[in-house]
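Student: Based on what follows, work out the 3D shape:
(one chain, ligands or ions: 1)
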Amino acid sequence: MGGTGERTLKTYQHFINGEFVDPEGGDWFDTENPYTGEVWAKIPRGTKADVDKAVAAAKAAMTTGPFAGMSPSQRGKLLRRLGDILVEHGPRLAEIEVRDNGKLLAEMAGQLKYQPESWYYYAGLADKIEGSVVPIDKPNHLAFTRHEPVGVVAALTAWNSPLMFVAWKAAPALAAGCSIVIKPSEFTSASALEFAALTVEAGFPPGVFNVVTGFGAETGAALVEHPDVAKVSFTGSDTTGAHIYAAAAKQMKRVSMELGGKSPNIVFADANLDAAASGAVSGIFAATGQTCIAGSRLLVQNSIKDQFVAKLVALAKSAKIGDPMAADTNIGPVTTPPQYRKVLDYINVAKADGATLIHGGKPASGPGVKGSQFVEPTIFDNVTNDMRIAQEEVFGPVLSIIGFEDEAEAIRIGNDVIYGLAAGVWTRDIGRAVRMSEALKAGTVWVNTYRAISYMMPFGGMKKSGTGRENGIEAIHEFLETKSVWINTSEDFPANPFVMR
Ligand code: NAD
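Tutor: Residues are numbered from 1 along each chain as shown. Here you go, the predicted structure:
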């Protein structure tokens, strides 16, 4: 750590084995407020030594510690208490996330009101992990299944919704009886460390929940490669995801991958066009377009395209850009400097490829705009689906509009992409709604709505958007192994032991 000015900065520590500890290597790095561009805290730079300590603590917690001996109902009570504590600390954590990430306070306040529900949901599920007795077709055998915790979980997360990813991964993992080591994004590590303190207050035994911060190739890679990590739960880009998938495969670790998207938001002529225009805006400009589920390809039926685009541009023009802490701000800064440059690069690519810029397209300025990471909400028309702007994830407030004639063409264009995370359909025709929801290759299909997410509903991707599901009952099975138990109820064993029973 350096100069005089830096001494006033908040200096975070790793959270390992129930305690906040300095990094073994004695190194910290800066974290910035994306709105002001100012460094506001120091984050520990984790090395293999920190990862080794955290995984050892997590392994001990699962094998010899008090957590290992707890009944599922006791585990559930811990999760419930954590949910209650999160309610109390929600407003404070929301502000920290805004400072570190640039997300709107309004969005964070909403998220943090809702997040305790994830902890309550998995608290309730902890003691409902039931195996089954199989009516087996062999005489004198009792055969049943049991679901056991998979082992130590490594959770690696993206920078766009750090606290939400903690809930999505840790709540089902801990409910399943696993311990966890979280490696948040180097750009937004503060909230996971702040959250860690709540696990102490809730009474989690040491080692059950750990946070080690640092860079992907250093801290993240050491965690993925650690032989005592049984399961890797990853949220991030498909490029990093593929790399981690390959690393995990060497030790046959279990993996789940929540990756990127290029989701089609499809508007038919018979839709409620005002609602659809709001849905299109929500799909691409909410959270400054920095969501995996961004409806970044807007497919509009040609017969209403001009009329619809006019509505959309009017809405985009009304968006207030500025301070994420202000209640009336609609669009905040881009979270990281590299991401800001990437968004502007993609705007240039779209122009060069022949898309028609009809709104925005440059760094934003004006009252309330500080620092240097604001981009205007940007809309391109006359995009064709083979352009890079239609195929590659921008992860920013940049919308591509593509016209289509009929349902068949909408399905063809909608699916013609490497990703399959989400899709939106706007229509009043119930038959078409059902047909589209079946035909679109995406983990989530929204009809006449967009960005609806719940702890109760499985979430995840098809194709290059990933594998596995978060949320809902399915998510807990990502952290469980099924064991089949056979018990011979007789004293006999077949006379010929060389044939299968
Ligand atoms: P990223 O892939 O760059 O990083 C994600 C995490 O992986 C970070 O913690 C990073 O430090 C770590 N990492 C990087 N290299 C690593 C390595 N070699 N070994 C181990 N860990 C490594 O992603 P990002 O830029 O933080 O996030 C944006 C991406 O995340 C977008 O593609 C977005 O679509 C995706 N995302 C997906 C979902 C989803 O649920 N499907 C949700 C949010 C974001």
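Student: now the residue of the stretch 51-200 of the chain found nearest the ligand, what's its secondary structure?
Tutor: Closest approach between the stretch 51-200 of the chain and the ligand, counting by CB to the nearest ligand atom: Ala158, at 3.1 Å. All C-beta atoms are positioned from the backbone trio N, CA, C, and that covers glycine. Judged by DSSP: H, G, I helix; E, B strand; the rest coil, the three-state class of Ala158 is coil.
Student: so it touches Ser189, yeah?
Tutor: No - in this structure Ala158 lies outside contact range of Ser189 using CB atoms under 8 Å: 11.9 Å.
Student: Could you give me the buried positions within stretch 48-67?
Tutor: Under the neighbour-count criterion of 16 or more other CB atoms under 10 Å, stretch 48-67 has 48, 50-62, 65, 67 buried.
Student: State the mean pLDDT of it.
Tutor: The pLDDT scores in stretch 48-67 average 97.
Student: OK, contacts around the nearest residue to Gly236 once chain neighbours are set aside?
Tutor: Excluding its sequence neighbours, the residue lying closest to Gly236 (CB to CB, 6 or more residues apart in numbering) is Ala158, at 4.6 Å. Residues in contact with Ala158 (CB atoms under 8 Å, 6 or more residues apart in numbering) are 165, 185, 235-237, 292.
Student: give me the number of residues near Pro497?
Tutor: Neighbour count of Pro497, defined by other CB atoms under 10 Å: 7.
Student: For it, which three-state class applies?
Tutor: On the three-state scheme (three-state DSSP), Pro497 is labelled coil.
Student: what's the answer for Leu142, then?
Tutor: What three-state DSSP gives for Leu142 is strand.
Student: ok but Leu357 is inside a helix, no?
Tutor: No - secondary structure of Leu357, determined by three-state DSSP: strand, with no helix assignment.
Student: That one - how many residues pack around it?
Tutor: A count of nearby residues for Leu357, using other CB under 10 Å, gives 15.
Student: what does Gly472 give?
Tutor: Applying the criterion other CB under 10 Å, we find 18 residues in the vicinity of Gly472.
Student: Report the separation between the residue lying closest to Glu407 once chain neighbours are set aside and the ligand.
Tutor: Distances taken as CB to CB, 6+ apart place Arg432 nearest to Glu407, at 6.3 Å, with adjacent residues excluded. Separation of Arg432 from the ligand (CB to the nearest ligand atom, to the nearest Å) stands at 27 Å.
Student: Ok, Leu399 next?
Tutor: For Leu399 relative to the ligand (CB to the nearest ligand atom), the value is 16 Å.
Student: can you give me phi and psi for that residue?
Tutor: Per-residue torsions, Leu399: phi -110, psi 140 (degrees, to the nearest 10).
Student: In contact with it, which residues?
Tutor: Contacts of Leu399 (CB under 8 Å, 6+ apart): 280, 284-285, 296, 298, 377-380.
Student: Please apply the same query to Thr213.
Tutor: With contact taken as CB under 8 Å, 6+ apart, Thr213 is in contact with 12, 14, 43-46, 183-184, 186, 189, 192-193, 219.
Student: Now find how far off-centre the longest helix along the chain is within its chain.
Tutor: As far as residue count goes, and with DSSP state H defining each element, the longest helix of the chain is helix 72-101. Relative to the mean C-alpha coordinate of its chain, helix 72-101 is positioned 17 Å out (CA atoms, centre = their mean, to the nearest Å).
Student: Begin at 819 from now on, thanks
Tutor: Sounds good: first residue 819 from here, last item helix 890-919.
Student: helices or strands up against that helix?
Tutor: Counting contacts by 3 or more CB pairs under 8 Å, 6 or more residues apart in numbering; DSSP states H and E, the secondary-structure elements packed against helix 890-919 are strand 857-862, helix 923-943, helix 980-993, helix 1008-1020.
Student: ok, 10 Å please
Tutor: With contacts defined as 3 or more CB pairs under 10 Å, 6 or more residues apart in numbering; DSSP states H and E, the packing partners of helix 890-919 are strand 846-850, strand 857-862, helix 884-887, helix 923-943, helix 980-993, helix 1008-1020.
Student: Please list the residues of the stretch 1019-1168 of the chain that sit near the ligand.
Tutor: Applying CB under 6 Å from any ligand atom, we find that the stretch 1019-1168 of the chain lies next to the ligand at 1034-1035, 1038-1039, 1042, 1053-1055, 1058, 1061-1062, 1076-1079, 1110.
Student: between those, which is closest to Glu948?
Tutor: Glu1076 (26.7 Å; CB to CB).
Student: Find the residue closest to that closest one in space, skipping its chain neighbours.
Tutor: Using CB to CB, 6+ apart and skipping residues adjacent in sequence, the residue nearest Glu1076 is Thr1053, 4.2 Å away.
Student: tell me the contacts of Pro967?
Tutor: When contacts are counted by CB atoms under 10 Å, 6 or more residues apart in numbering, Pro967 is found next to 880, 886, 893, 947, 991-997, 1048-1049, 1297-1299.
Student: Show me the beta-bridge partners of it.
Tutor: Listed beta-bridge partners, Pro967: Leu1298 (assigned using DSSP bridges).
Student: what pLDDT does it get?
Tutor: 98.
Student: what residues are up against Asn1083?
Tutor: In this structure, Asn1083 makes contact with 1094, 1097-1098, 1100-1102, 1111-1118, 1217, 1232, 1240-1244, 1264, 1268, judged by CB under 10 Å, 6+ apart.
Student: redo that, cut-off 8 Å
Tutor: Asn1083 is in contact with 1097-1098, 1101-1102, 1113, 1115-1117, 1241-1242, 1244, 1268, counting by CB under 8 Å, 6+ apart.
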